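**Q** following is a predicted model, sequence given first.
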Amino acid sequence: GHDVELGALLRDVVELYEPLAHERDIELVLDAPLPQVCKGEADLLFQMFANILDNAIKYTPSRGNIRVQLRAGAAEVGHSVLIADSGPGIPIGERKNVFRRFYRVESSRTEQPGHGLGLSLVQAIAQYHHGSVELASNNPGLQVRVTLA
């Protein structure tokens, strides 16, 4: 892999989705104060974060907000990026399923279909980088935490 500056990469992803968020009246905030370098494939990492943001925007109602936060990486935990939205979230019992390839969160619970494909790709890219993806509640909303070595 190459050295990838995560803050700059996230800025590019956020810039790409800014117009879409703006159009839907969603506030998109990036918090990445310090340059942080990880080893990896920039285009894959870009695609991974783009997928997470795409999902977040799809599920966040207008006048909602999405926060992308790059946490300072301690040696033993690596870097973590937290993407939190104010959408409906995913029930705990369904969280492990969304990583299955064509899984859809039951439409009876959510207005919109389609949490599926995006997140299985996200997980594959994180694992390729010896990292992981976890889902948590943002009370309300969804928090996606990507940890990279």
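**A** Arrived safely, thanks for sending. Everything numeric in this text was worked out from a predicted model, so none of it was measured.

**Q** tell me where this protein has strands.
**A** Assigned by DSSP state E, the strands in the chain fall at 2-5, 27-31, 37-40, 65-74, 78-85, 132-137, 142-148.

**Q** TSV for those strands, including mean pLDDT and distance to residue 95?
**A** Just so you know, the C-beta spots here come from the backbone N, C-alpha and C atoms, and that holds for glycine as well. Converted to TSV, those look like this (pLDDT from 0 to 100; distance: least, C-beta to C-beta, whole Å):
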stretch	mean pLDDT	distance to residue 95
strand 2-5	93	27
strand 27-31	97	23
strand 37-40	91	25
strand 65-74	87	19
strand 78-85	93	15
strand 132-137	93	5
strand 142-148	94	9
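
**Q** now tabulate the ones you listed in CSV and tack on distance to residue 16.
**A** Formatted as CSV, those follow (distance: least, C-beta to C-beta, whole Å):
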stretch, distance to residue 16
strand 2-5, 16
strand 27-31, 11
strand 37-40, 18
strand 65-74, 12
strand 78-85, 14
strand 132-137, 20
strand 142-148, 17
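
**Q** how about the ones you listed in JSON lines, adding mean neighbour count?
**A** Formatted as JSON lines, the strands of the chain follow (neighbours: other C-beta atoms under 10 Å):
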{"stretch": "strand 2-5", "mean neighbour count": "13"}
{"stretch": "strand 27-31", "mean neighbour count": "15"}
{"stretch": "strand 37-40", "mean neighbour count": "17"}
{"stretch": "strand 65-74", "mean neighbour count": "18"}
{"stretch": "strand 78-85", "mean neighbour count": "21"}
{"stretch": "strand 132-137", "mean neighbour count": "16"}
{"stretch": "strand 142-148", "mean neighbour count": "21"}
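
**Q** and residue 16, what is it in contact with?
**A** Residues in contact with residue 16 (C-beta atoms under 8 Å, 6 or more residues apart in numbering) are residue 50.

**Q** what does the pLDDT read for it?
**A** The model reports residue 16 with a pLDDT of 97.

**Q** swap in the one 3 residues further on?
**A** Model confidence at residue 19, expressed as pLDDT, equals 97.

**Q** that one: neighbour count?
**A** Counted with other C-beta atoms under 10 Å, the neighbours of residue 19 add up to 10.
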